[in-house]
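Undergrad: could you look at this predicted model? Sequence included:
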Amino acid sequence: MGLRFTTRRSDSPWVDAVWTCTSDQVSEMTSVAATRCGLVFWERDGRHYAGVSGPETATGTAPVPEEATFVGIEFAIGTSLRSIPPSSLTDGGVELPDTTRRSFQLAGSRWERPGPDDAEALVERLVRDGAVVRDPIVGEVVRGGRPQMSDRTLERRFRAATGLTRGAVRQIERAREAAYLLAVGKGATDVVASLGYFDQPHLARALRRYVGRTATQLHEGSGGALALDLPQPTTS
């Protein structure tokens, strides 16, 4: 019971990951802070839906449609929809109108509803149409580059393209990585050292703020449904 995720990384420069999920006897979940925009498609009771997800600055509780199946496309950081800026999606999202089993409406056009294997093909069509855009400065900064511009201009560009500050992106990504390491069995002391936290209380605060779990809960896989694809703990 809960949320059953499958996630694959993408080779597309526009897409970070493609995921699927099934909700099984669960009506709410703990949401997790996130740094990327994306598209989400879901089906429940024979009805079909589509939406745009945005960055999330903190954890929270969110409803889950029971017995539903989802396909999600997580854009590469700095990639977004031209018609819906990331700042308007931060800590929220929008449901797209008039979605059917075969198609959905976005940016004034109808598009074929994708499955998990043709998500990148959809994004490529959206890119060619100009519906999906990106700021290359963001990718350069995330890779450790330092563009030739003032800090104020850089921060403004970064926030416009992501809906978040550079500092928020670093903190959220680090907390998500910490959650993964704890879920695969790493000790809290090792995670503190490998990810540069000051100490275990610093790690605990980050997990509480961005993931909504304690280190122990992540290690045990407890705490209820979590909107993050983590390895399940092994049992002896």
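TA: On my side now, so go ahead.

Undergrad: export only the CA atoms of stretch 144-154, formatted as CSV.
TA: Listed next in CSV are the C-alpha coordinates belonging to stretch 144-154 (Å, rounded to 0.1, in the frame of the first residue of the first chain):
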residue,chain,number,x,y,z
GLY,A,144,29.8,25.2,-11.0
GLY,A,145,30.4,27.9,-13.6
ARG,A,146,30.5,31.7,-12.9
PRO,A,147,28.9,33.7,-15.7
GLN,A,148,30.3,37.2,-16.4
MET,A,149,27.6,39.3,-14.8
SER,A,150,26.9,40.9,-11.4
ASP,A,151,25.6,38.8,-8.6
ARG,A,152,22.3,40.8,-8.6
THR,A,153,21.7,40.1,-12.3
LEU,A,154,22.7,36.5,-11.9
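
Undergrad: ok, residues contacting stretch 224-233?
TA: Applying CB atoms under 8 Å, 6 or more residues apart in numbering, the external contacts of stretch 224-233 come out as 2-3, 5-7, 19, 23, 26, 28-32, 62, 64, 176, 179-180, 183-185, 211-213, 218-221. Any C-beta I mention is one placed from the backbone N, CA and C, and that applies to glycine too.

Undergrad: mind listing what's buried in it?
TA: Residues 225-230 are the ones in stretch 224-233 that count as buried (16 or more other CB atoms under 10 Å).

Undergrad: which residue comes closest to D135 once chain neighbours are left out?
TA: In space, and not counting its chain neighbours, D135 is closest to A161: 3.8 Å by CB to CB, 6 or more residues apart in numbering.

Undergrad: assign that neighbour to helix, strand or coil.
TA: Under DSSP: H, G, I helix; E, B strand; the rest coil, A161 falls in the helix class.

Undergrad: residue contacts, it?
TA: Taking CB under 8 Å, 6+ apart, one finds 78, 80, 86, 134-135, 137-138 in contact with A161.

Undergrad: possible to save those as TSV with pLDDT and secondary structure?
TA: Output for the contacts of A161, formatted as TSV (pLDDT from 0 to 100; DSSP: H, G, I helix; E, B strand; the rest coil):
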residue	pLDDT	secondary structure
G78	94	coil
S80	95	strand
P86	93	helix
R134	94	strand
D135	93	coil
I137	91	helix
V138	92	helix
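
Undergrad: I'd like to know which of the residues you listed is nearest to R152.
TA: Distance to R152, by CB to CB, is smallest for I137 among the contacts of A161, at 13.5 Å.

Undergrad: touching, that closest one and R156? I think so.
TA: No. Counting by CB atoms under 8 Å, I137 does not reach R156; the two are 10.4 Å apart.

Undergrad: pull up the pairing partners for the strand ranked longest in the chain, direction included.
TA: Determined from DSSP state E, the single longest strand within the chain is strand 15-24. When pairing is defined by DSSP bridges, strand 15-24 lines up against strand 2-9 (antiparallel), strand 69-75 (antiparallel).

Undergrad: ranking the ones you listed by mean pLDDT, which is last?
TA: Least confidently modelled of the strands paired with strand 15-24 is strand 2-9, at a mean of 91 by mean pLDDT.

Undergrad: for it, the distance to its chain's centre please.
TA: Its chain's C-alpha centre and that of strand 2-9 lie 12 Å apart, by CA atoms, centre = their mean, to the nearest Å.

Undergrad: can you give me the strands in the chain?
TA: Applying DSSP E to the chain gives strands spanning 2-9, 15-24, 28-31, 38-44, 47-53, 60-63, 69-75, 79-81, 93-95, 103-106, 109-112, 132-134.
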